[in-house]
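Engineer: what shape does this take:
(one chain, ligands or ions: 1)
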Amino acid sequence: MDTPFGEEQPLWTPSETVIRDANISQYMHWLTQERGLHFEDREALWRWSVEKLEDFWASLWSYFSIKASQPYNAVLSSHTMPGASWFSGARLNYAEHIFRNATSDRPALLFRSERQALTEISWQELTKNVGALSQSLRAMGVQPGDRVVAYVPNIPQAITAFLACASVGAIWSSCSPDFGISSVTERFQQIEPKVLFAVDGYQYGGKSFDRLPVIHELQKQLPTLQKIVVIPYLKTEPSLEGIGHGVLWSEVLREPAELTFEQVPFDHPLWILYSSGTTGLPKAIVQGHGGILLEHLKALTLDVDLKPGDRFFWFTTTGWMMWNFLVGGLLTKSVILLYDGSPGYPNLETLWQFAQESQMSFFGTSASYIASCMKAGIEPGQSYDLSHLRGIGSTGSPLPPEGFHWIHEHIREDLWVASVSGGTDICSAFVAGSIVLPVYAGELQCRSLGANVQSFDDAGQPLIEEVGELVVTEPLPSMPLFFWNDPDQQRYRESYFATYPGIWRHGDWIRITERGSAVIYGRSDSTINRMGIRMGSSEIYRIVEGLPEVLDSLIVGVERPHGGYYLPLFVVLRPGVELDDSLKARIKSELRTHISPHHVPDEILVISEVPRTLSGKKLEVPVKKLLMGLPMEKAVSLDALSNPQAFRYFQEFASQRN
Ligand SMILES: CC(=O)CC(=O)O
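Structural biologist: Model (predicted):
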């Protein structure tokens, strides 16, 4: 495959002062003092961290002074995946580690939205609200292990509700309110929630969206709900009429209560995130208190280099794992910054203005946002005082070299650019940034500590400087504990371990460079990942093929070599039906309403047949490979198709486009 990324000269090199002051340097110093270990550089540290897994993770336990009401009796039960069990015997609570940072010296959160000016939320207020809400949850009958779900934007109430839920040992799961009814019910129905938090509505891009009708529908679709807590967000006094078991946010905060933390086993579920596969319902991925605690402390302290008092931002919604990662910023004594609204409203300057007024230290975003700023020709470095900014983080899709250069030319040339890649499945990054390493435009600086990431060929042999499958050969504490409703772990195994037994295959194409950095080339499976929000193609088919005019369909999401994402939808129509503007508009509107505005296709094209394998599977990955520029013989084996003639259309289509 063409390898468009990677440059010879570093774009940025850390100064000696930056290296000396970096958290990771302090940690390496601590390893020398406390463990007698000396490492030449970060690469040597990484190698030790994956060769001596137990020593590495146990060192983090001590370094971060993990607070456990019962100690662990073994770091890792076995290295076999799936099934590795970490820190057995320990009892702790993720949320307790956040509140041990409570202080009057700095706020806990800063919040801004399209409608609300910058607001500070103090630790005192957060502690008071989480205490009261935990007590209300207990009064509602919520027990450890019960599911509490939220249909809320990225607002302080979402953080409050999540922390209350975690403090009582219940399991959290959230969807952003721009998810349509089908997407939400497909996720929440699987986990049978007891309590729902939902906003009455929200504003996005200057338009108001009433969510009360969706709440009414969710009430019907989620029969296990015993309480619906409505958060007034669009209106000050939304009506609860017709919402059985409905209660207002202010009521559940009314009774003050001391904040206490249920002590749960290390692998007690903390939250459920969703990632869509190629078939079936979205995978309901369960991650645990202890695994997330250690992973986020590691990633945010040693890789993102957050320091006490830093102001940490990632532009995200509650439907993306970066929201959960952002919350983890509170574990590090930094202030987290929440923004709710469209990054393009009223224009693309908005978030840069927010960066100035919040004195942001680290600005995390998606590669597609950087591409939009680039195309719009804005000049944030000239228009705003961004002197507090130390780094820019990018994820969601690969950031091309142009994006790195744009940051240096149009924001500040001394900025550290951390392009990272991981996923919902571990709620973190496999390949990360590191402030002690040089940045090469187009490259992700290094592999995450403790993550034995390799590029494998089809035979399972490691590759250097060649594009292969991103695999992880050793367990990580934040890997899914299990998938909900997957009692024999069949779906879990099929999702990651079917290609290389016992080895995690992530589904991304990666090249590991000789200097230890990496380049990601996008998804090697057919998941649609736009703006970091993953949707299975199956979710899209369910909606598109639900229309009477559409007989069959195929969708692929294609990462373009220099940034951008191309999402064409191919449809087979009922005989006599034409794909006119009105049908196109209806397909788009159905997807916008039921799936999300981010998954509306760029183009809709008519085909006569969907190419399928002999076992009837749609040929998404081969079509994607063709559109990424691979030759026909590398994209597909025609013998394995039930209708090879149907594939010819795509060969023609790709040759015209590429
Ligand atoms: C860290 C990530 O990998 C985020 C994403 O793309 O989902």
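Engineer: for the rest of this, base every contact and every neighbour count on C-alpha atoms.
Structural biologist: Noted.
Engineer: list phi and psi for the residue nearest to Ile181 when sequence neighbours are not counted.
Structural biologist: Distances taken as Cα to Cα, 6 or more residues apart in numbering put His594 closest to Ile181, at 5.6 Å, once the chain neighbours are dropped. Dihedral angles of His594 (phi, psi; degrees, to the nearest 10) stand at phi -90, psi -20.
Engineer: and Asp508, what are its bridge partners?
Structural biologist: Arg523 (DSSP bridges).
Engineer: pretty sure it contacts Leu470?
Structural biologist: Yes. Assessed by Cα atoms under 8 Å, Asp508 is found in contact with Leu470 at 5.5 Å.
Engineer: can you pull the pLDDT of Lys618?
Structural biologist: Listed pLDDT for Lys618 reads 82.
Engineer: so what's it closest to, chain neighbours aside?
Structural biologist: Take Lys618 and drop its neighbours on the chain: the residue closest to it by Cα to Cα, 6+ apart is Arg612, 4.5 Å away.
Engineer: now the longest helix anywhere in the chain: buried residues?
Structural biologist: Assignment by DSSP state H gives helix 123-139 as the longest helix of the chain. Across helix 123-139, burial judged by 16 or more other Cα atoms under 10 Å covers 123, 126-137.
Engineer: looking at Asp508 and Leu470, which one has more neighbours?
Structural biologist: The residue with more neighbours, out of Asp508 and Leu470, is Leu470; 25 against 19, by other Cα atoms under 10 Å.
Engineer: and the contacts of stretch 502-517?
Structural biologist: With contact meaning Cα atoms under 8 Å, 6 or more residues apart in numbering, stretch 502-517 is reached by 43, 80-82, 443-447, 454-455, 463-474, 496-497, 499, 518-525.
Engineer: from those residues, which ones fall inside strands?
Structural biologist: 446-447, 454-455, 463, 468-472, 518-523 (DSSP state E).
Engineer: picking up where we left off before, name the helices or strands packed onto the longest helix of the chain?
Structural biologist: helix 156-167, helix 249-252 (3 or more Cα pairs under 8 Å, 6 or more residues apart in numbering; DSSP states H and E).
Engineer: what's the most buried one of the ones you listed?
Structural biologist: helix 156-167 (a mean of 24; mean count of other Cα atoms under 10 Å).
Engineer: for the stretch 451-600 of the chain, what spans make up the helices?
Structural biologist: 490-496, 537-544, 581-594 (DSSP state H, counting those that start in this stretch).
Engineer: from the ones you listed, which stretch is densest packed?
Structural biologist: helix 537-544 (a mean of 20).
Engineer: what's the angle from that helix to helix 581-594?
Structural biologist: Angle, helix 537-544 to helix 581-594, by axes from the mean of the first three to the mean of the last three Cα atoms, to 10 degrees: 130 degrees.
Engineer: name the helices or strands packed onto helix 537-544?
Structural biologist: strand 550-555, helix 581-594.
Engineer: mind listing residues that contact it?
Structural biologist: 183, 276-281, 526-528, 550, 552-556, 587, 590-591, 594-595.
Engineer: so which bits of the protein are right by the ligand?
Structural biologist: 395-397, 420-424, 428-429, 532 (Cα under 6 Å from any ligand atom).
Engineer: could I get the residues you listed as a markdown table with neighbour count?
Structural biologist: What follows is the residues of the chain next to the ligand, written out as a markdown table (neighbours: other Cα atoms under 10 Å):
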| residue | neighbour count |
| --- | --- |
| Thr395 | 24 |
| Gly396 | 24 |
| Ser397 | 25 |
| Val420 | 30 |
| Ser421 | 24 |
| Gly422 | 17 |
| Gly423 | 20 |
| Thr424 | 24 |
| Ser428 | 24 |
| Ala429 | 24 |
| Gly532 | 22 |
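Engineer: farthest-separated two in the residues you listed?
Structural biologist: Maximum pairwise distance among the residues of the chain next to the ligand (Cα to Cα): 14.2 Å, between Ser397 and Ser428.
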